[in-house]
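Asks: Compute the structure for the input listed below.
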Amino acid sequence: MNTNIIKIKRTKKILKPDPSRVLLRPFNPGNSRRIGRIIARIMSLPEEQVELLLDEISAGFSDRHEQIDKVFLERFKQVCREHVPQKGLSKQRRMLIGSYFLAEYSLEAAALFNPSIVPHPDQTGLTAGSMRFILSLRATGEGHISSITFRSGIIYANHRIKVENPAGFLFEPRQIPNSAYEKGLFTRKLFELGLLGEFAHRIMNRLGDLFTMQELRYNINAELDKERQSKGILQNDRRAAKGIWMLARSNYEVQFKPGQQLSGRILFPSTPSQRNGIEDARFVRFRNDDGSYIYYATFTAFDGKVVMPELVETADFLRFRFITLNGPAAQNKGMAIFPRKINGLYAMLSRQDNESIYLMFSDNVHFWNEHKLLLKPTYPWELTQLGNCGSPIETDAGWLVLSHGVGPIRKYCIGAFLLDRNDPGKVIGRLREPLLQPNQDEREGYVPNVVYTCGALLHKDVLIIPYGLSDQATGFATVPIDRVLAAMHPEKG
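Replies: I've put the predicted structure just below:
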């Protein structure tokens, strides 16, 4: 079939990376000795020069960051406890010292791409037939570090798409220090990781059914101290303690302030597994058994060497819970959760072998043990690699899944296939040709010849597809759903 049969419409809206969107982040210029030398130099400045320097810095950066004075003081407290007395210093000198240990990070200096789109939790105040949405985007900056940023917008009754202008200030959330861990779930994760030995059992026996990170740290240190005083710490126990602590750090919660605009909220890498980026978040609005909704996003955590699939969940895009995915089937990239349970089980698409699409079921969204082959590369435009492009979309005809295929010259295209609603292990239809492929205006970018999405949205009878343009910017396309379904060919076998 010819791709012209499916007339897909590109909108004129393009979201381009904006290097002026900057975060103020901790800057660590070296070890404790060097930090001490820098502080000593600042301490030697006369007070009148301190005030002049601080005025100059504030004038240059206050319009780029909210409450910059407060940020300076917080950074001073973090860095300087062991180097300078906390009393007897003027507020101005403390702020000046703090400023030397901060740096601006241009969040999307390199790229703003690979979006996913979900209905906004707040659908009030709209005209009839309109929908408010949240768009997640992969922002990439210095060092090719990727984070998650957001935009909000409206799809009107005539399917016109409006994206709100981004906020002027950017914010990272604060980590919730006393968020509780469930002992049963945590123990199961230790078992999956091969860490549930004698040492871990002793630690877990000290804890209640719910425990905090502080309680976990206290009990790990207490057990190690006990060993140190008696016979010395065993090497295996040292490794186990490190593994338990790493697991705790990889499962955490963060909270934004309600007054911070959605487009100013940034989920920046914050754990060792995420050190080099949070990549390609696939958000889905998931309907719970009681009819309420929660938002899940699977994403790829990258530490510079190893990729790990991880999960984040939120009900309001203010409080986010990061969770490790466990089990032998939780590996590789490109996981996408179905928007509801099927036959009482969570369902997820995955790609265990770097080239085919698999289907998984589980009774717990955190654990995935088995996978079943669903689709292999078949057509010329996807012979190198096949994967999903976001969570399945439920239609009367079945589960519509957008896919990506990699063909000659590493050209990425977007395709689609259809799964049975009650038995998604059955592929009942598939496009033989791409639904969307890079046109002449979309070929150039950080990675040429790529169109890619992490999730689309069905608005009435029209499919709304935000998509990355050659790993640099983001565009939008629309197509009536009946045209896509009509172009499906039955999948044999």
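Asks: who touches Trp368 in this structure?
Replies: By C-beta atoms under 8 Å, 6 or more residues apart in numbering, the residues touching Trp368 are Leu325, Asn326, Gly327, Pro328, Ala329, Ala330, Met348, Ser350, Met360, Ser362. Backbone N, C-alpha and C define where each C-beta goes, glycine included.
Asks: which residues does the closest residue to the fourth one other than its chain neighbours contact?
Replies: Okay, so that is Pro328. Leaving out its chain neighbours, the residue that sits closest to Pro328 by C-beta to C-beta, 6 or more residues apart in numbering is Asn369, at 6.0 Å. Taking C-beta under 8 Å, 6+ apart, we find Asn369 in contact with Gly327, Pro328, Ala329, Ser362.
Asks: so which of those comes closest to Leu112?
Replies: Ala329 (31.6 Å; C-beta to C-beta).
Asks: quick one, helices of the stretch 1-150 of the chain?
Replies: Counting by DSSP state H, counting those that start in this stretch, one finds helices in the stretch 1-150 of the chain at the ranges 32-43, 47-61, 68-79, 91-99.
Asks: should've said the stretch 151-300 of the chain
Replies: All helices of the stretch 151-300 of the chain, identified by DSSP H, counting those that start in this stretch, fall at 183-192, 198-206, 213-230, 235-250.
Asks: Isn't His144 up against Arg275?
Replies: No: His144 lies out of contact with Arg275 (C-beta atoms under 8 Å); the separation is 11.9 Å.
Asks: tally of neighbours for Leu386?
Replies: Neighbours of Leu386 under the rule other C-beta atoms under 10 Å: 25.
Asks: ugh, wrong one, Val365
Replies: Per other C-beta under 10 Å, the neighbour tally for Val365 reads 18.
Asks: thinking again about what came up before, okay, the helices of the stretch 151-300 of the chain in TSV with mean neighbour count, distance to Ala416 and mean pLDDT next?
Replies: Listed next are the helices of the stretch 151-300 of the chain as TSV, based on neighbours: other C-beta atoms under 10 Å; distance: least, C-beta to C-beta, whole Å; pLDDT from 0 to 100:
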stretch	mean neighbour count	distance to Ala416	mean pLDDT
helix 183-192	17	34	90
helix 198-206	17	46	93
helix 213-230	14	43	90
helix 235-250	16	34	89
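Asks: got those helices as TSV, with distance to Pro269 columns?
Replies: Formatted as TSV, the entries for the helices of the stretch 151-300 of the chain read as follows, by distance: least, C-beta to C-beta, whole Å:
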stretch	distance to Pro269
helix 183-192	21
helix 198-206	27
helix 213-230	18
helix 235-250	12
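Asks: Most widely separated two among the contacts of Asn369?
Replies: Pro328 and Ser362 (11.8 Å).
Asks: who's more crowded, the two?
Replies: The neighbour comparison of Pro328 against Ser362 (other C-beta under 10 Å) goes to Ser362, with 19 against 12.
Asks: List the residues that contact that one.
Replies: Here Ser362 is in contact with Gly327, Leu345, Tyr346, Met348, Trp368, Asn369 (C-beta under 8 Å, 6+ apart).
Asks: do the same with His144
Replies: Ala110, Asn276, Gly277.
Asks: Just confirm Lys189 contacts Leu247, I think it does.
Replies: Yes: taking contacts as C-beta under 8 Å, Lys189 lies within contact range of Leu247: 6.0 Å.
Asks: which neighbours do these two share?
Replies: The contact lists of Lys189 and Leu247 share Thr324, where a contact means C-beta under 8 Å, 6+ apart.
Asks: Let me have the contacts of Asn369 in a markdown table, adding secondary structure and pLDDT as columns.
Replies: Shown next, in a markdown table, are these (DSSP: H, G, I helix; E, B strand; the rest coil; pLDDT from 0 to 100):
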| residue | secondary structure | pLDDT |
| --- | --- | --- |
| Gly327 | coil | 88 |
| Pro328 | coil | 88 |
| Ala329 | coil | 90 |
| Ser362 | strand | 96 |
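Asks: what stretches of this protein score poorly on pLDDT?
Replies: The chain contains residues with pLDDT under 70 at 1-5, 82, 85-86, 493.
Asks: mind running it again at 80?
Replies: Within the chain, the segments meeting pLDDT under 80 span 1-5, 81-88, 177-179, 231-233, 306, 492-493.
Asks: Domains in it, by residue range?
Replies: 3-18+107-173+256-486, 22-106, 181-250 (automatic domain parsing).
Asks: Out of the ones you listed, flag the one nearest Lys492.
Replies: Nearest to Lys492, of all those, is domain 3-18+107-173+256-486, at 9.4 Å by C-beta to C-beta.
Asks: one step back: for Gln175, state which of the contacts of Asn369 is nearest.
Replies: Distance to Gln175 across the contacts of Asn369 (C-beta to C-beta) is lowest for Gly327, with 26.1 Å.
Asks: Neighbours of the closest one, how many?
Replies: Neighbours of Gly327 under the rule other C-beta under 10 Å: 18.
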